[in-house]
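**Student:** I need the structure of the sequence given here:
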Amino acid sequence: MESNRQRKVAQIIQEDFAELFRKQAADSKQSILVSVSDVKVTADLGIAKIYLSIFPQEHRIAVMKEIEENKTQYRNFIGQKMAKQVRIIPQLNFYLDTALDDVEKLERELRGEGDNPVL
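**Tutor:** Below is the predicted model of the structure:
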């Protein structure tokens, strides 16, 4: 069960990264949408798990690789935003959120468009 403090820190991280990724998308020449679907923070506030949805799908691997390579810059960014609110800046772990893809695949299967034949 999450504490109020965990929820507040997770919300701050989610909002700040959503704004950062929005600005990066506006500045880039490519049309790639990166949204922060969820943030989970450990009880000691030492680790933040950040779940990202990336569209279009063909750019996911490249974008996740770039995010992993720039993890220290992202931690510095969030450290500047949260410096007055927390003592320790959490380590950032980024994960690809495929929940929407799973829902879409399930809907296709239910319509009989996938590998599952309609009986």
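
**Student:** now the helix or strand Ala26 falls within, how far from the chain's geometric center?
**Tutor:** Assigned by DSSP states H and E, Ala26 belongs to helix 4-27. Taking C-alpha atoms, centre = their mean, to the nearest Å, one finds helix 4-27 lying 9 Å from the centre of the chain it belongs to.

**Student:** how about residues contacting that helix?
**Tutor:** 2, 31-36, 38-43, 45, 48, 50, 52, 74, 77-78, 81-82, 85-86, 90 (C-beta atoms under 8 Å, 6 or more residues apart in numbering). C-beta coordinates here come from the backbone N, C-alpha and C atoms, glycine included.

**Student:** pull out the buried positions in that helix.
**Tutor:** Neighbour-count burial for helix 4-27, with 16 or more other C-beta atoms under 10 Å as criterion, is recorded at Gln6, Val9, Ala10, Ile12, Ile13, Gln14, Asp16, Phe17, Leu20, Phe21.

**Student:** Ala48: what secondary structure?
**Tutor:** Here Ala48 is strand, with the state taken from DSSP: H, G, I helix; E, B strand; the rest coil.

**Student:** doesn't Leu92 make contact with it?
**Tutor:** Yes: between Ala48 and Leu92 there is a contact at 5.5 Å, judged by C-beta atoms under 8 Å.

**Student:** among those two, which residue is more densely surrounded?
**Tutor:** Counted by other C-beta atoms under 10 Å, Ala48 and Leu92 do not tie: Ala48 has more neighbours, with 24 against 20.

**Student:** and the residue lying closest to the more buried one once chain neighbours are set aside, how far from Asp38?
**Tutor:** With C-beta to C-beta, 6 or more residues apart in numbering as the criterion, Ala48 has its nearest non-adjacent residue at 4.1 Å, and that residue is Pro90. Separation of Pro90 from Asp38 (C-beta to C-beta, to the nearest Å): 15 Å.
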